[in-house]
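S.K.: Next come a sequence and a model predicted from it.
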Amino acid sequence: MAESFAFNIVDKLLGKPKIILLNTTINYQIKINYLYVYTINYQLSTLLVDQVSLAAGVYTELENLKDTISTVKDCFYDAEDVLDEFGYDSLLWQVVNEGGFRRKVRHFFSTSNPLAFRFKMGSKIKGIRERLDKITVDADKFNLKKIMGVPVPVIGPHREREKTYSFVRASDVIGRDGDKDKIIEFMMQSSDDDQENMSVLPLVGIGGLGKTTLAKFVYNDKRVVKHFNKRMWVYVSDELDVTRLIKEIITSATHHKYDVWSKNRDKWLELKAMVDVGAKGSKIIVTTRDKLVANVMGTHPMYELKGLSDEECLSVFIRCAFKDGKDKRYPRLLRIGKDIVKKCQGLPLAVRTLGGLLYLKTNENDWVRVRDSDCWQLEQKKDDILPALKLSYDDLSFDVKQCFALCSLFPKDFQFDNIHLIQMWMGQGLIQPSLQKEEMENIGNQYLDELLQISFFQDVEFHPIGARIFKMHDLVHDLALLVARPNCSTLNFDCKNISTKVRHVSTLEVDWLEEEEEKVPRFFGKLNKNIRTISFPNIVDGPRSESFVGSCILRFKYIRVLDLQKSSFKALPNSICYLKLLKYLDLSDNRQVKRLSNSICKLHHLQTLILVECESLEELPRHIETMMSLRLLIVTTQQIALPPQALGKREVKVGTRCFNSLHNLCLADCNSLESLMGGMGTFTTLTTLIIDGCPCLSLLSKHLLALDTLAIMRCESLDLELGNKNGEKEDDIRGFGSLRNLMLSVLPKLEILPKWLIQGPTSNTLLCLFIERCDNFRALWQDEESPSPNSSVLPEGIDHLIALRQLKIQYCPQLSALPEKMGNLSYLTHLTIMQTRNR
């Protein structure tokens, strides 16, 4: 299944000739070599797509091609590295040309000397050309020839589905009321055995049956909530680490979800002894696929969950495959759907996945193809991937397959969010700008919607500012592990045999005190030098020393994603600038780092920089605004003003690049920040601004014409009536001409809605308004004397928000009434008022 990695790289290679040919530093021969590589790539990719698409679903044929495909993938990876180096050189020359004569002279005598670059890249292209020649010759041996007249998948623009959804939420559980009542009956029973404080009920069933959903159904039932003073939900994977689990139990009041999964009875008894001091009547529900686990852990006979009936499965399927009530319009599809449901063998996950796959598809052939697929004929062994999941995966486009495969780097039960995940996809080049110039973040959200639609992600939580939190079912995670091999791998520092094909690495829990100095260098030495991802997605502590980062820099020149969250080194090495292809850098939750080397500004490919919870960071690098590819910046800093030139240290020359690629900016817990004013007019592409926990912030710029989403939280000194440096009120209120989403939270100075919201262009664009925990907020509008006939100022009133769709106000005790003119909001569809004076 992992052969689609090659297709994605081919697609990117075929889209990159302009970067090369526009760069005047590259001589004629190198251009010819590049065009040769480009042509061979195109020819070879056509052969590969044809052949592998014909072999799709036939494992033996793919096995015969596996070695050749692996060689081709390696060659394409290396070719993409070369092209990205050319891309970096092109970006570098843009910076040099904007810097004047002195910068050009310094560049000529630097290690980036254009003559040396030509020689180095010419040698690399020659090597790739020779490898491609050999692969082209081998194509005949493996019968990789273009077959005319056979329809094959086309690598091209993503297929966008209609933006409607049919997700089945936990509250929509079907067919489990009887099971729920029986389990709750057990939960309410008092223990007859005075020796036992705690009773354990194992809930057993095969994967995809809905054990976790049922447990969640019970856990949130009002009878259970009322009966137990404390409820906890804990997850443990294959290895039961008692110490770590106890820590998780202690913090479980925040309702972090974990599972229990260990066959080691000694470890279970050790854990049970620690928690057995609870009050009498305490109950534990254990969900597991394995009866041995149930026997090890249970003090009560296991509850074996059965599959849903065909009728119940059909009800779930109809919810997922059709819009409300539309199933009756398609009786022929419904008959085929009944056959598909029977093949799902009562498994809700399989039913939901295939229902989502067929959602809004009315072509009968699509339904017949699913019903008659060969996947149903494969022998199903214990813990095998469900045929329904395989079918849904096969139906994904190549680019979405790659994004899904990269999710295998995260542990089971990991809590994803769309912002970071999409940025990581972008960092690996898995999302490319469309011909329609659609933003990559929007394309990433379309990919995410497709995965949500087929239930590859679940437990979705929506947040007002556009963020989404979600998880992946364990069986779906198993599928991601399968399709990502051998390119993606989760390793620990003791791994001995590591495939040279691994390009993306995440690591398990690490004891840095014991392992950082001794084991890390050996571990790095086992990895392919062309590693593209190093990530620590779920660890308590990250790297402690600069030597770790230094080792990464020396060893992995082609890395794109470097996740060093929760690290504790005090400074980022100057050598960070050598990671020329780096696109994603996460240094979040480093409480020790005080400065970032100015050399980080030479990372001209960098798109994502995450510095949140870096509470000791004194200031951002001086020239950070010149990072021409930076799209997302999340930062905690001790600076008093942003952007840097607002401090008055230097003037920005006209025409100089200054944050003009930044789309998303988040400022969190910047306790010293006072102003977001000077220079903000250069943020011409900023669409999302989140300000959280900046108690000294008093001035906010109005010059954000592209801003779509604004969230301001916990800013006690901020007056939203935009002011200038002298604190005077501004007459020009045209600053937020594109704002659609506004969230205001914990703002003591907010009493009424600001004039720029009611009287400015925002009144025509705002769709969603959320106000919460603003203790002094008292009115949505304020009466004034009627304006003179010649006045251009409109009277204040919320009725001027003519486009408003959603209004939510909660925990604002001074708000006593809504204005009568609320009735004029003709597009308002969602109104929520909670915990106000007249609740």
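M.R.: Everything's here; your move.
S.K.: correct me, but E546 touches F569?
M.R.: Yes: the criterion here is C-beta atoms under 8 Å, and E546 meets it with F569 at 4.7 Å. No exception for glycine: its C-beta is placed from N, CA and C like everyone else's.
S.K.: what's around the closest residue in space to D74 that isn't next to it in sequence, how many residues?
M.R.: Nearest residue to D74, sequence neighbours excluded (C-beta to C-beta, 6 or more residues apart in numbering): K501, at 7.5 Å. Using other C-beta atoms under 10 Å, K501 is surrounded by 17 other residues.
S.K.: which residues of the stretch 251-400 of the chain fall in helices?
M.R.: Per DSSP state H, counting those that start in this stretch, the stretch 251-400 of the chain carries helices over the ranges 265-275, 291-297, 310-321, 331-343, 348-357, 364-371, 387-394, 398-406.
S.K.: For the spatially most central residue of the chain, list the residues it contacts.
M.R.: Nearest to the mean C-alpha position of the chain, counting by C-alpha atoms, centre = their mean, stands L421 at 1.8 Å. Contacts for L421 (C-beta atoms under 8 Å, 6 or more residues apart in numbering) come out as C407, G444, L448.
S.K.: ok, now how distant is it from P761?
M.R.: As for L421, its distance to P761 is 33 Å (criterion: C-beta to C-beta, to the nearest Å).
S.K.: Flag the shaky bits of the stretch 201-350 of the chain, pLDDT-wise.
M.R.: For the stretch 201-350 of the chain, the stretches with pLDDT under 70 are 236-279.
S.K.: How about the stretch 401-550 of the chain?
M.R.: Applying pLDDT under 70 to the stretch 401-550 of the chain flags residues 435-436, 509-517.
S.K.: Now do the strands in it.
M.R.: Taking DSSP state E, counting those that start in this stretch as the test, the strands found in the stretch 401-550 of the chain are 416-417, 458-462, 468-471, 488-491, 504-507, 533-535.
S.K.: wait, which of these is closest to H830?
M.R.: Taking C-beta to C-beta, strand 458-462 is the member of the strands of the stretch 401-550 of the chain nearest to H830, at 12.2 Å.
S.K.: who's in contact with E618?
M.R.: Applying C-beta under 8 Å, 6+ apart, we find E618 in contact with K594, R595, T637, Q638, Q639.
S.K.: just D708 next, same as before
M.R.: T687, T688, S738, L739, R740, N741.
S.K.: quick one on the thing from earlier: quick check: the residue nearest to D74 touching S70?
M.R.: Yes: with contacts counted by C-beta under 8 Å, K501 reaches S70, the gap being 6.4 Å.
S.K.: Now do the same contact list for the closest residue to I318 other than its chain neighbours.
M.R.: Nearest in space to I318, with sequence neighbours left out and distances taken as C-beta to C-beta, 6+ apart, is D327 at 4.9 Å. Contact analysis of D327 by C-beta under 8 Å, 6+ apart lists I318, A321, L333, L334.
S.K.: PyMOL command for the buried members of the residues you listed?
M.R.: Entered in PyMOL, the line below selects the buried ones among these, by 16 or more other C-beta atoms under 10 Å:
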select buried, resi 318+321+333+334
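S.K.: Quick check: end-to-end length of stretch 701-710?
M.R.: 12 Å (C-alpha to C-alpha, to the nearest Å).
S.K.: Could I get the average pLDDT for it?
M.R.: Across stretch 701-710, pLDDT averages out at 84.
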